[in-house]
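Asks: sequence and computational prediction follow.
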There are 4 protein chains.
Amino acid sequence: MRETTVSRGRIDKREAILAAAFTVFARQGYARAGVQEIADEAGVAKPTVYSHLHDKENLFRHAMAAAADEVAAENLAIVDRLRDPGDDLRAALEDVAFRMLRVCCDERSRALRRLTFGQVGQFPELLDTVQERTSCQIAEAVADRFARLSLAGRLRSCDPARAAEQFLALLTGPLDARSRLGTRKVAAAETRAIAAAGVDTFLRAYAAPGAAESPDT
Amino acid sequence: MRETTVSRGRIDKREAILAAAFTVFARQGYARAGVQEIADEAGVAKPTVYSHLHDKENLFRHAMAAAADEVAAENLAIVDRLRDPGDDLRAALEDVAFRMLRVCCDERSRALRRLTFGQVGQFPELLDTVQERTSCQIAEAVADRFARLSLAGRLRSCDPARAAEQFLALLTGPLDARSRLGTRKVAAAETRAIAAAGVDTFLRAYAAPGAAESPDT
Amino acid sequence: MRETTVSRGRIDKREAILAAAFTVFARQGYARAGVQEIADEAGVAKPTVYSHLHDKENLFRHAMAAAADEVAAENLAIVDRLRDPGDDLRAALEDVAFRMLRVCCDERSRALRRLTFGQVGQFPELLDTVQERTSCQIAEAVADRFARLSLAGRLRSCDPARAAEQFLALLTGPLDARSRLGTRKVAAAETRAIAAAGVDTFLRAYAAPGAAESPDT
Amino acid sequence: MRETTVSRGRIDKREAILAAAFTVFARQGYARAGVQEIADEAGVAKPTVYSHLHDKENLFRHAMAAAADEVAAENLAIVDRLRDPGDDLRAALEDVAFRMLRVCCDERSRALRRLTFGQVGQFPELLDTVQERTSCQIAEAVADRFARLSLAGRLRSCDPARAAEQFLALLTGPLDARSRLGTRKVAAAETRAIAAAGVDTFLRAYAAPGAAESPDT
DNA sequence: AATGAATGAGGTTTCATTCAT
DNA sequence: AATGAATGAAACCTCATTCAT
């Protein structure tokens, strides 16, 4: 019991450090973030950080991976909603789209993208690590749903991977433009409008001919 | 003539410094780039850099603005092609789309986006500076073309700004995904496929009903 | 005991740095003294200096204050001799005068004055800090003694503050002139002569009429 | 004529540079004064300064020497008043004393002393240059007057050099103390009181016995 | 295991000084 | 002769990292 508590404590401390690290990296950027500042944020001493994570690069990689895991979990939970779209496909897509946009532009996701992209020169592998856990995973999950919908005759016959890719692009592209890559607040109503517009275009292009969700009926 | 030569010499040196700075910032990132390294790349001494640009932050801002201007010029030249789309709208759009993708993913454009996004915390105004000269300007130019096409009955009646936004998203979104934000080379053939797919989806959603470019004819 | 050693160690290091700093500042002047040089003199690394004293200005201020404290202690010890002047007032004054001159023109005191005066533009508060601990304190101590001597009928009735001021001026003024503000060595014999002359003039002006120390008896 | 004008112009420029240099050195101290700043103050370009004075050290030496000459001239003019002391020696001495104190504590004289003393480590010869033109010259002039006064039976028989030394010390010492080495303004009335007190003490010690200026009459 | 203290290396910036014009 | 532009050297300061405790 003691042992467990102790190692639990150690693990907790490690996680506290990783969480603090991500917070500080997100606030300051990789280069401007000081290890001391991270230690302070985590409530530990600097050498403790080093004993757990060895050096700043390693600390960065692990903090990013941990953050990516959390974001991935949120994203997947959202996409799962598509498993049972119900009768109104348009409504279901709009709901999913809106939720995904909310997740994509929360501070953590944006910081993750910013740091990954900004440090891609120094940490090239990070891009794979992060994208696989976020964009790719999401795109694949969406593609899975689209494949089923296509087979079920609710979307026209198409390449589901490409459809998913375009579906996501129709959502995140306009949001990035409007939010200036996340630097301006976007009102919930506008986000919802973007979602609706993206879904509309998507359905015009991909709805099965004659289906109820076709816009021209 | 003398005068001109002299001031040209000074201006040339300033421009050489800005170009060198952008090259080095693109290669190393803002923080890892040393002013000495930039001076070396420009073939001048370090204090010359300071005498022209005052400090590293200013140097960064001006180098980014200069690079954004160049990229903007290229982009606009491309979009201008849409002024005279000819008979085959699909072909014209695919051509423009392909060209824009080539420009969007050349090293300079990507570095510009990477640096802007990565340093957005430290240089918030840069984002506006850069986006206004690139994304926004392009989106507006495309929207202008779409408005004309819509009036000419070749696209259905629609909000041209939103159509442009989605058109660009359908191109850059998938390209970013495939190129892993520019870290993997994407073959010209694949780029062309992305362009074609984006244009196809765009036309399915936006072509005027019954027009020749409709995919179902 | 352990604790004590540890904190003593830290305090010792801080004091070693301050002492080294004063030495180097005295040797080179404020501007020409490098922090590296000070660190070397103290036998520590440069960042250790910064961790203790934060920056060069602060280092200077604290080094000066510490040196002023030491000089002040020496000075006061000297003046205390006047508490019991004995029968021969002239001899006692000459003794004190001589000792004070020795102290005033030792390297540390002179460097203190030189640095204080030379940097008065950049560090205006230092002048108060230093003068209060040296000149003012000494002048007041001397004035105290003179007040007692006046009450005891050994000096004529007078303003003791002004008498002290003049007494000190009669000593340091000529010494500064002869030593060229401390740049020429002054032989002990000459210093003694200056002390004697100063005391003589002082007593001619301030001895109680008819007292034994009057020069005209 | 042209030549004369030209060389006059050149000389004027040189003097303007020296004057500007002294102004800037006085304001900033030697190390913090930039050659550019001096050039700006003089209204010339930096290389012009170098062409006239060769380097910063030389510039400093010449600017100091020129300032010392000016101060010396003022001082001597004052002391000359003592040539004809008139009947009331005390009044004449007080007048001279007061005037000398005004000169000694004007901004130029103080800056001269501050710079000389502060940079004595880097420019040891300056101290001689300056002191010879100011303190020594004054002391000697005063000693000359005292010798005459002694011969004339108005001062007691004494070593005139020592008397002059002490006379000056009795004036400048208290003034330095009150003005905190020139950092606090001293009211004219207080300066006059210092002069009177110094002269009083001086006369008590040096007046010829039985002379009218003796204080005990 | 965790911490206070110390270090080595490197970065930005400034300044006296010198060419071409 | 006078100037705008350029340079070489060096200073202050910060930070990631490692010992003793």
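Replies: Cool, the structure landed. Residues are numbered from 1 along each chain as shown, chains lettered A, B, ... in the order given.
Asks: count the neighbours of A:Asp176 for me.
Replies: A:Asp176 has 22 neighbouring residues, counting by other CB atoms under 10 Å in any protein chain shown. (Each C-beta comes from the backbone N, C-alpha and C, glycine too.)
Asks: buried residues in stretch A:118-132?
Replies: The neighbour-count check on stretch A:118-132 (16 or more other CB atoms under 10 Å in any protein chain shown) flags A:Gly118, A:Gln119, A:Val120, A:Gly121, A:Phe123, A:Leu126, A:Leu127, A:Thr129, A:Val130, A:Gln131 as buried.
Asks: cool, and stretch A:181-198?
Replies: A:Leu181, A:Gly182, A:Val186, A:Thr191, A:Arg192, A:Ala193, A:Ile194, A:Ala195, A:Ala197, A:Gly198.
Asks: now do the SS call for the third one.
Replies: Remark: A:Val186 carries the secondary structure label coil [criterion: DSSP: H, G, I helix; E, B strand; the rest coil].
Asks: pretty sure it contacts A:Ser179?
Replies: Yes - counting by CB atoms under 8 Å, A:Val186 touches A:Ser179, with 4.6 Å between them.
Asks: return every residue with contacts to both of these two.
Replies: With contacts taken as CB atoms under 8 Å, 6 or more residues apart in numbering or on different chains, the residues that reach both A:Val186 and A:Ser179 are A:Cys105.
Asks: return the distance of A:Met100 relative to chain D.
Replies: 59 Å (CB to the nearest CB, to the nearest Å).
Asks: which non-adjacent residue is nearest A:Tyr30?
Replies: A:Gln119 (5.2 Å; CB to CB, 6 or more residues apart in numbering or on different chains).
Asks: residues contacting that neighbour?
Replies: A:Tyr30, A:Phe60, A:Leu126, B:Gly29, B:Gly118.
Asks: get me the contact residues on chain A for DNA strand E.
Replies: Residues of chain A lying close to DNA strand E by CB under 7 Å from any atom of the strand are A:Gly9, A:Arg10, A:Lys13, A:Val44, A:Ala45, A:Lys46, A:Pro47, A:Thr48, A:Ser51, A:His52.
Asks: let's go with 10 Å and repeat that
Replies: A:6-7, A:9-10, A:12-14, A:17, A:35-36, A:39-40, A:42-52 (CB under 10 Å from any atom of the strand).
Asks: ok, now which ones touch the residue of chain A found nearest chain C?
Replies: Closest residue of chain A to chain C, CB to the nearest CB: A:Gln36 (11.7 Å). By CB under 8 Å, 6+ apart, A:Gln36 lies in contact with A:Lys46.
Asks: over to A:Ala45?
Replies: A:Ala39.
Asks: and the pLDDT for it?
Replies: Note for A:Ala45: predicted pLDDT of 95.
Asks: distance check, it against chain D.
Replies: A:Ala45 is 40 Å from chain D, by CB to the nearest CB.
Asks: and that residue, its phi and psi?
Replies: When read as degrees, to the nearest 10, the backbone of A:Ala45 gives phi -90, psi 160.
Asks: check A:Gly86 too.
Replies: phi 80, psi -170.
Asks: quick check: pLDDT value at it.
Replies: For A:Gly86, the predicted pLDDT is 81.
Asks: would you state the helices of chain A in chain order?
Replies: All helices of chain A, identified by DSSP state H, fall at A:2-28, A:35-42, A:46-53, A:56-80, A:89-104, A:107-118, A:124-131, A:137-151, A:160-178, A:188-206.
Asks: what about the ones you listed, which gets the closest to B:Arg108?
Replies: Closest approach to B:Arg108 among the helices of chain A is made by helix A:107-118 (15.9 Å; CB to CB).
Asks: on that earlier part again, show me how to select, in ChimeraX, the buried members of the residues of chain A next to DNA strand E.
Replies: In ChimeraX, this line selects whichever of the residues of chain A next to DNA strand E come out buried by 16+ other CB under 10 Å:
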select /A:13,14,17,35,39,42,44,49,52
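Asks: so which of the residues of chain A next to DNA strand E reach DNA strand F?
Replies: A:Val35, A:Gln36, A:Ala39, A:Ala45, A:Lys46, A:Pro47, A:Thr48, A:Val49, A:Tyr50, A:Ser51.
Asks: and of the residues you listed, the nearest to D:Asp69?
Replies: Taking those together and measuring to D:Asp69 by CB to CB, the closest member is A:Gln36, at 56.9 Å.
Asks: and the closest one, how far from chain B?
Replies: Counting by CB to the nearest CB, the gap from A:Gln36 to chain B is 17 Å.
Asks: try A:Arg133
Replies: 13 Å.
Asks: ok, that residue touching A:Ala68?
Replies: Yes - taking CB under 8 Å as the definition, A:Arg133 is a contact partner of A:Ala68 at 4.4 Å.
Asks: touching both of those two, which residues are there?
Replies: With CB under 8 Å, 6+ apart as the test, A:Arg133 and A:Ala68 reach no residue in common.
Asks: how about the nearest residue to A:Arg178, chain neighbours excluded?
Replies: A:Val186 is the one closest to A:Arg178 (CB to CB, 6+ apart), at 5.5 Å.
Asks: most neighbours per residue, which of the helices of chain A?
Replies: Among the helices of chain A, helix A:160-178 has the highest mean neighbour count (mean count of other CB atoms under 10 Å in any protein chain shown), at a mean of 23.
Asks: show me where chain A dips below the pLDDT cut-off.
Replies: A:1-10, A:82, A:212-217 (pLDDT under 70).
Asks: got the domain boundaries for it?
Replies: A:1-54, A:60-206 (automatic domain parsing).
Asks: would you mind putting the ones you listed into CSV with distance to B:Arg154 alongside?
Replies: Below are the domains of chain A laid out as CSV (distance: least, CB to CB, whole Å):
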stretch, distance to B:Arg154
domain A:1-54, 46
domain A:60-206, 16
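Asks: of all those, which lies closest to D:Ile78?
Replies: domain A:1-54 (62.2 Å).
Asks: so how far is the closest one off the chain centroid?
Replies: Remark: domain A:1-54 is offset 23 Å from the chain centroid, using CA atoms, centre = their mean, to the nearest Å.
Asks: and if you look at stretch A:38-58?
Replies: With CA atoms, centre = their mean, you get 26 Å for stretch A:38-58.
Asks: equivalent analysis for stretch A:94-104, please.
Replies: 11 Å.
Asks: ok, now stretch A:181-190?
Replies: With CA atoms, centre = their mean, you get 16 Å for stretch A:181-190.
Asks: contacts made by that stretch with the rest, please.
Replies: A:105, A:110, A:114, A:175-176, A:178-179, B:116-117, B:120, B:124, B:127, B:131.
Asks: what about the residue of chain A found nearest chain D, distance to DNA strand E?
Replies: Proximity of chain A to chain D (CB to the nearest CB) peaks at A:Arg32, 30.7 Å away. Noted for A:Arg32: a distance of 12 Å to DNA strand E, by CB to the nearest atom of the strand, to the nearest Å.
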